[in-house]
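Student: Okay, sequence plus prediction incoming.
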Amino acid sequence: MAPDGSHGNDSADAEKAETERLYREVNERIHAVNAQRVLLDLPEDLICECARPECSELINMNALEYQGLRAHSTWFAIAPSEEHFFPEVERIVAKNGHYWVVEKHDQAARIAEQLDPRS
């Protein structure tokens with residue numbers, strides 16, 4: 001455990017944030033293409049935005065759900081499983097059968113805000 005009570009270090013947190021930023025960027029591009037569709041309630045297959053660099057799981061949400069997620073620069077959509085959740089840098093905001101929403105905290109939140117393409 002680090003002196004501040006966290007379980008990670010700044011380098012590991014930065015690496016996780018960079019992985020999540022990359023997945024978010026890919027999802028932004030997928031959403032931009034899909035947003036041209038007239039019906040916003042059609043589901044989109046997006047990439048899990050967890051911190052695991054080897055993750056390639058798909059999650060499903062509609063465009064309105066995605067817009068709500070992107071309204072918060074510290075929120076990420078992950079596959080609905082504990083293996084995608086990193087409690088040392090995030091907390092679970094919402095769970096449903098298709099995906100979970102996690103919110104970064106502390107240093108991870110600051111990094112997510114800096115790397116958000118919508119900021």
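Tutor: Perfect, I can see it now.

Student: quick one: low-confidence parts of this structure?
Tutor: For the chain, applying pLDDT under 70 flags the ranges 1-8, 35-42.

Student: Spell out the residue ranges of the strands in it.
Tutor: 43-47, 58-62, 75-78, 90-95, 100-104 (DSSP state E).

Student: Return the most buried member of those.
Tutor: Compared across those, strand 75-78 shows the largest average neighbour count, a mean of 25 (mean count of other Cβ atoms under 10 Å). Placement of C-beta: from N, CA and C, glycine included.

Student: Return the list of strands paired to that one, each annotated with direction.
Tutor: Neighbouring strands of strand 75-78 in its sheet, by DSSP bridges, are strand 100-104 (antiparallel).

Student: Can you name the residues in contact with the partner strand?
Tutor: 17, 69, 72, 74-80, 84-85, 89-95, 109, 111-112 (Cβ atoms under 8 Å, 6 or more residues apart in numbering).

Student: Going along the chain, name the helices of this protein.
Tutor: 10-34, 63-70, 106-115 (DSSP state H).

Student: which of the residues in the shortest one are buried?
Tutor: Using 16 or more other Cβ atoms under 10 Å as the test for burial, helix 63-70 gives 63, 65, 66, 69, 70.

Student: would TSV of these with distance to residue 26 be doable?
Tutor: Shown next, in TSV, are the buried residues of helix 63-70 (distance: Cβ to Cβ, whole Å):
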residue	distance to residue 26
63	16
65	17
66	13
69	14
70	13
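
Student: Could you point out which of those is nearest to residue 55?
Tutor: residue 69 (17.2 Å; Cβ to Cβ).

Student: Thought residue 75 was touching the closest one, still the case?
Tutor: Yes. Using Cβ atoms under 8 Å, residue 69 is in contact with residue 75, at 5.5 Å.

Student: Return the closest of the buried residues of helix 63-70 with respect to residue 51.
Tutor: Residue 51 has its nearest neighbour among the buried residues of helix 63-70 in residue 69, at 16.5 Å by Cβ to Cβ.

Student: now the closest one: how far from residue 43?
Tutor: As judged by Cβ to Cβ, to the nearest Å, residue 69 and residue 43 stand 14 Å apart.
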